[in-house]
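K.L.:
After the sequence you'll find the predicted model.
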Amino acid sequence: MQNVFDVLKERGLIAQTTHEDEIRELLGKEKVTFYIGFDPTADSLHVGHFLQMVVMRHMQNAGHKPIALVGGGTGHIGDPSGRTDMRQMMTKEIINHNCECFKKQLSKVIDFSDNKAIMVNNADWLLDLNYVEFLRDIGSCFSVNKMLTAECFKQRLEKGLSFLEFNYMLMQSYDFLMLNRKYDCKLELGGDDQWSNILGGIELCRRKDQKQVYGMTFTLLTNSEGKKMGKTQSGAVWLDPEKTSPYDFYQYWVNVQDSDVIKCLKMLTFVPMEQIREMEKWEGQELNRAKQILAYEVTALVHGKEEADKAQEAARAVFGGGFNTQNMPTAEVSAASVEAGVNIIDLLLEVGLIPSKGEGRRLIQQNGLSVNNEKVTAIDLIIDNSFFNDGEMIVKKGKKVFLKVVKK
């Protein structure tokens, strides 16, 4: 069986390691308990977290044991890494609710049965800490001079770094110490923006318990222009189907740039590398096939095979021109307003397809809008019952955004 370290490296997932040869050897010869932390800053994980879930699954498939650490304690502080401003403070109730939501989503990708993986909450040891004892015991192990050279703090110093956030590194480092003591956890994984925090934990385990532990970070999911993936004009691409529908989620992956599809297949799916290497030779229309494979695989992992089948079917029907609208995103409009006749731009605004009337006018003037497969050319077009067939009307914005509008 191939060493999982080589699998992760071949797929382009590893960014940095603290001890590359030792980690590779460790993962090849024993079953290792490792952890990844998820701070509950929202009630859903997003595409950036999904990459970490995929790494956990690769590790679990190789026989290693994941600990998913939810930050019920650190969530009260907020990680300054990768941020230019301070995070919003959250109440205990919101944090606990968000942690519960994470459990459900992580369980789609990670197998928590029979103790194959565990989920722990750092609130269990952080919230009852005695501040003076913590400072004497843990704070004495950290050099402020060294901390200030960390990337996560450097970029915040210009705008102002609160003492609250300055504590975050100590708390995350303490997590690693506690997980090593409780579960013999030997490896911390995280996004490459977590490098400084991971090094803090390794140093703390060495100083307090004389234990050698390790760290490894993943490549951040960016497109060919270096921008973080998983963002759209309307915000993050969430794993919660209520926040990003399975159809929209599928469409996000179908629409990645040609230059990103192979990288995404390697990093976000379990499609065998031999198959992906064949796809690397594909060009033109064949790359669209690769995008459909990517979209299907990622949607099946997050939402299940049934939802992936529905999204694929809906996309094929829509883009094939044979409007099978069953699984298409849907919006409702008032039957009374349609009866009276409603301006097309007002209707687009009501169903959320445009952010403003000006955007609607530009869309029509640039031939970017169709209703029932007919181009809309007049900004004063009135939509009435005659546009509805069996109670529904299909609106197409640009080349790839479709919406079924129904009367309520």
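P.N.:
Looks like it came in fine. Numbers count the residues shown, from 1 in each chain.

K.L.:
Skipping adjacent residues, who's closest to the residue lying farthest from the centre of the chain in space?
P.N.:
Distance from the C-alpha centroid of the chain, by CA atoms, centre = their mean, peaks at A340 (43.4 Å). Spatial nearest neighbour of A340, chain neighbours left out: D384 (7.9 Å); criterion: CB to CB, 6 or more residues apart in numbering. To be clear about C-beta, it is placed using only N, CA and C from the backbone, and glycine gets the same treatment.

K.L.:
so D6 makes contact with L27?
P.N.:
No: between D6 and L27 there is no contact under CB atoms under 8 Å: 9.1 Å.

K.L.:
These two: who's more crowded?
P.N.:
L27 (25 against 13; other CB atoms under 10 Å).

K.L.:
could you list every residue that touches that one?
P.N.:
Contact analysis of L27 by CB atoms under 8 Å, 6 or more residues apart in numbering lists 3-5, 59, 62, 64.

K.L.:
Quick one: distance of the helix or strand encompassing it to the chain centre.
P.N.:
Assessed by DSSP states H and E, L27 sits inside helix 20-29. Per CA atoms, centre = their mean, to the nearest Å, the displacement of helix 20-29 from the mean C-alpha position of its chain is 28 Å.

K.L.:
if we can go back for a sec, ok, so what distance separates the residue nearest to A340 from A335?
P.N.:
Using CB to CB, to the nearest Å, one obtains 11 Å as the distance from D384 to A335.

K.L.:
try E25
P.N.:
For E25, the distance to A335 - CB to CB - is 68 Å.

K.L.:
same check, this time on F142
P.N.:
From F142 to A335 the distance is 64 Å (CB to CB).

K.L.:
domain assignment for the chain?
P.N.:
With domains defined by automatic domain parsing, the chain comprises 4-218, 231-319, 330-407.

K.L.:
Ok, which of these comes nearest E225?
P.N.:
Across the domains of the chain, E225 has its closest neighbour in domain 231-319 (8.5 Å, CB to CB).

K.L.:
and that closest one, average pLDDT?
P.N.:
Across domain 231-319, pLDDT averages out at 89.

K.L.:
ok, now stretch 210-220?
P.N.:
94.

K.L.:
buried residues in that stretch?
P.N.:
211, 213-219 (16 or more other CB atoms under 10 Å).

K.L.:
do the same with stretch 253-263
P.N.:
253-254, 256, 260-263.

K.L.:
same question, stretch 361-375
P.N.:
Buried-residue list, stretch 361-375, by 16+ other CB under 10 Å: 363-364, 368-369, 371.

K.L.:
List of residues touching it?
P.N.:
In contact with stretch 361-375 (CB under 8 Å, 6+ apart) are residues 321, 323, 344-345, 348, 354, 376-379, 381, 383, 387, 389, 393-398.

K.L.:
I'd like to know which of the residues you listed are buried.
P.N.:
By 16+ other CB under 10 Å, the contacts of stretch 361-375 give 323, 344-345, 348, 354, 376, 379, 381, 383, 387, 393-397 as buried.
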